[in-house]
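Chemist: model the following, please.
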Amino acid sequence: MQFIEQKFNIPRMKGISSKTTEEHLKLYAGYVKHANLVLEKIKELKQDSEKNAYALAEINRRFGFEFNGMRNHEVYFRSFEDSSTPLATSDTLAKTITEKWGSFDTWLAEFKAIALTRGIGWSMLYYDPVSKQLLNAWVDEQHFGQLNGCQTILALDMWEHSFVADYQPSGKKQYVEDFFANLNWKVIEQNFSRAISK
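Modeler: Below you'll find the model as predicted:
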């Protein structure tokens, strides 16, 4: 069964240009395409797994990169759909963040600081269904640091392709601010609701 490229209803955004979004979506489509190609290649190589042992090992490593790149971008792009909407203080997510961090602003400052980590990767808010708590984390590239078994609630792409054309490298901090200005928190709340109901 093939992975399907998702379509997103993304409005015009503050700071993040339509051109950047268009190019970024092409990159996402590439992850979907390559995740499918890697699976096809694995199937082919497995026909003689002994002879192709080295190639299989390497392409299996590659699969995590392509697959996580696909899924991380789906969370990222969905968070902009329809229109920017604030997080209501009465929502379960807002209450849970406040319970853990003391206030929404304290959580937000921590999350933004993680986003400004040097290098390329993702700033993530996860829900751990085992300990039943929210966790902030940095993920290098797409696949080093993903928290095993956790559900992604919020994903902020900090690869340079997501902001350099609009902000230049020195504008990374403003990109993070604009990311939050453009968020549809209803989508993020739905991510959280699904995670806690599993």
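
Chemist: distance check, the residue of the chain positioned farthest from its centre against residue 186.
Modeler: Relative to the C-alpha centroid of the chain, counting by CA atoms, centre = their mean, residue 51 is the outermost residue, at 36.4 Å. To residue 186, residue 51 is 52 Å away according to CB to CB, to the nearest Å. Quick note: C-beta positions are derived from backbone N, CA and C, even for glycine.

Chemist: over to residue 160?
Modeler: Counting by CB to CB, the separation of residue 160 from residue 186 is 29 Å.

Chemist: between those two, who's got more neighbours?
Modeler: The residue with more neighbours, out of residue 160 and residue 186, is residue 186; 17 against 12, by other CB atoms under 10 Å.

Chemist: what's the helix or strand harbouring that one in contact with?
Modeler: Assigned by DSSP states H and E, residue 186 belongs to helix 185-197. Helix 185-197 has contacts (CB atoms under 8 Å, 6 or more residues apart in numbering) with 75, 78-79, 81-82, 85-88, 91-93, 96, 127, 129, 132, 151-154.

Chemist: of those residues, buried ones?
Modeler: 75, 78, 79, 87, 91, 93, 96, 127, 151, 152, 153, 154 (16 or more other CB atoms under 10 Å).

Chemist: just flag the most distant two among those.
Modeler: With CB to CB as the measure, no two of the buried ones among the contacts of helix 185-197 lie farther apart than 78 and 96, at 20.0 Å.

Chemist: so residue 65 sits right up against residue 142, yeah?
Modeler: Yes: Residue 65 is within contact range of residue 142, at 5.6 Å (criterion: CB atoms under 8 Å).

Chemist: would you mind telling me which of those two has more residues around it?
Modeler: residue 142 (23 against 17).

Chemist: OK, contacts around the more buried one?
Modeler: 64, 65, 68, 69, 72, 121, 122.

Chemist: closest one of those to residue 6?
Modeler: Taking CB to CB as the measure, residue 6 lies nearest residue 72 of the contacts of residue 142, at 12.4 Å.

Chemist: for the closest one, which non-adjacent residue is closest in space?
Modeler: In space, and not counting its chain neighbours, residue 72 is closest to residue 155: 5.1 Å by CB to CB, 6 or more residues apart in numbering.

Chemist: is that neighbour in a helix, a strand, or coil?
Modeler: strand (DSSP: H, G, I helix; E, B strand; the rest coil).

Chemist: now it: how far from residue 54?
Modeler: From residue 155 to residue 54 the distance is 33 Å (CB to CB).
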